[in-house]
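S.K.: pasting the sequence and the predicted coordinates here, then a few questions.
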Amino acid sequence: MRIATWNVNSIRARQERLFSWLLAQQPDVVCLQEIKVSKESFPFAELRELGYHAVVCGQKTYNGVAILTRTEPADTECGINDGVEDLQARLIAATVEGIRVISAYVPNGAKMGTNKYAYKLEWMRRLKAYLQHGHTRSDPLVLCGDLNVAPEERDVANPGAWEGSVLFNPEVWALLCEILDQGLIDTFRLHHSESGHYSWWDYRLLAFPRNDGLRIDHIFATPPLAERCISAFIDRDQRQGPKPSDHAPVMADFNWP
DNA sequence: ATGGTTGCTTAGCAA
């Protein structure tokens, strides 16, 4: 079972690239973020022709998340549903082949000290509470998505420049640790310990050619799945060529079922 | 300190 996550930065702008990538990589499950369309505008029919079901938590212009699956998904849940009024579509969950799959788009946070950063911290606390309810670390679950946090120094090309930013600071590390303490393991780090692997590069200032990136997109798995994770990688090639997203897809392969 | 780029929408926001 191949599980992927990709912040596509608009599914409309990325449709051609997404479709050819699906054919090339043949993922069984794809968590998408920043689709930037409402459900009405989502390309359900075209994806069905490629063999994918889709569950969508859409939003016009900003945000929006989805999960594509080869087999029929069950128990779809759109949003955190904790009673907080939240107009931003940033989380969707569904069960696929016995795995609870979550596609999450953690708020970026803009700049330290802003309302957007406060919203990011609050959203991460709500995500932690969401994970605490309804399942345990012995349940097969993956938390996939753009977490907008680089966990460690080795996940940042230039740690000095990013230290203290919204993507890389002690406050978001602590919250990420609390989220991972719900029984989640970084599948990428099961297979790669070295620095130099990133999933996002700014569109500006030639960040990609300089490989000035950060690893902020993740596939976190509970032990039943992590034990069966046979490989993990970042599809860096998707950041190249015409009209790339600013994020590359991240993938993990599992011996499942 | 600011700006650099892309996407959505059409001047300005978000990343």
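M.R.: In hand now; what should we look at?

S.K.: how about residue A:148, secondary structure?
M.R.: Three-state call for residue A:148 (DSSP: H, G, I helix; E, B strand; the rest coil): coil.

S.K.: please list all residues in contact with it.
M.R.: A:106-109, A:120, A:166-167, A:172, A:216 (Cβ atoms under 8 Å, 6 or more residues apart in numbering). C-betas here are computed from N, CA, C, even on glycine.

S.K.: from those, list the ones also adjacent to DNA strand B.
M.R.: A:107-108 (Cβ under 7 Å from any atom of the strand).

S.K.: now the buried members of the contacts of residue A:148.
M.R.: For the contacts of residue A:148, a burial check counting by 16 or more other Cβ atoms under 10 Å picks out A:106-107, A:109, A:120, A:166-167, A:172, A:216.

S.K.: among those residues, which ones are in helices?
M.R.: A:120, A:172 (DSSP state H).

S.K.: adding pLDDT, write the buried ones among the contacts of residue A:148 out as CSV.
M.R.: Converted to CSV, the buried ones among the contacts of residue A:148 look like this (pLDDT from 0 to 100):
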residue, pLDDT
A:106, 98
A:107, 98
A:109, 97
A:120, 98
A:166, 97
A:167, 98
A:172, 98
A:216, 98
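
S.K.: related to what we said a few turns ago, tabulate the contacts of residue A:148 (CSV), appending distance to residue A:27.
M.R.: Listed next are the contacts of residue A:148 as CSV, based on distance: Cβ to Cβ, whole Å:
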residue, distance to residue A:27
A:106, 21
A:107, 26
A:108, 25
A:109, 29
A:120, 28
A:166, 29
A:167, 26
A:172, 28
A:216, 20
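
S.K.: wait, which of the contacts of residue A:148 is closest to DNA strand B?
M.R.: residue A:108 (4.0 Å; Cβ to the nearest atom of the strand).

S.K.: who's in contact with that closest one?
M.R.: By Cβ under 8 Å, 6+ apart, the neighbours of residue A:108 are A:116, A:120, A:148, A:166-167.

S.K.: so what's the closest residue to DNA strand B within the stretch 1-150 of chain A scoring on pLDDT?
M.R.: Closest to DNA strand B within the stretch 1-150 of chain A is residue A:10: 3.1 Å, counting by Cβ to the nearest atom of the strand. In this model, residue A:10 is scored at 98, pLDDT.

S.K.: near it, how many other residues are there?
M.R.: 15 (other Cβ atoms under 10 Å).

S.K.: same check on residue A:62?
M.R.: For residue A:62, using other Cβ under 10 Å, the count is 12.

S.K.: again, but for residue A:72
M.R.: Using other Cβ under 10 Å, the number of residues around residue A:72 comes to 10.

S.K.: kindly report the same for residue A:98.
M.R.: Neighbours of residue A:98 using other Cβ under 10 Å come to 11.

S.K.: name the nearest residue to it, sequence neighbours excluded.
M.R.: Excluding the flanking residues, the one nearest residue A:98 by Cβ to Cβ, 6 or more residues apart in numbering is residue A:140, at 6.0 Å.

S.K.: again, but for residue A:172
M.R.: residue A:149 (4.7 Å).

S.K.: for residue A:209, helix, strand, or coil?
M.R.: coil.

S.K.: any idea how far residue A:8 is from it?
M.R.: 21 Å (Cβ to Cβ, to the nearest Å).

S.K.: who's more crowded, these two?
M.R.: residue A:8 (26 against 9).
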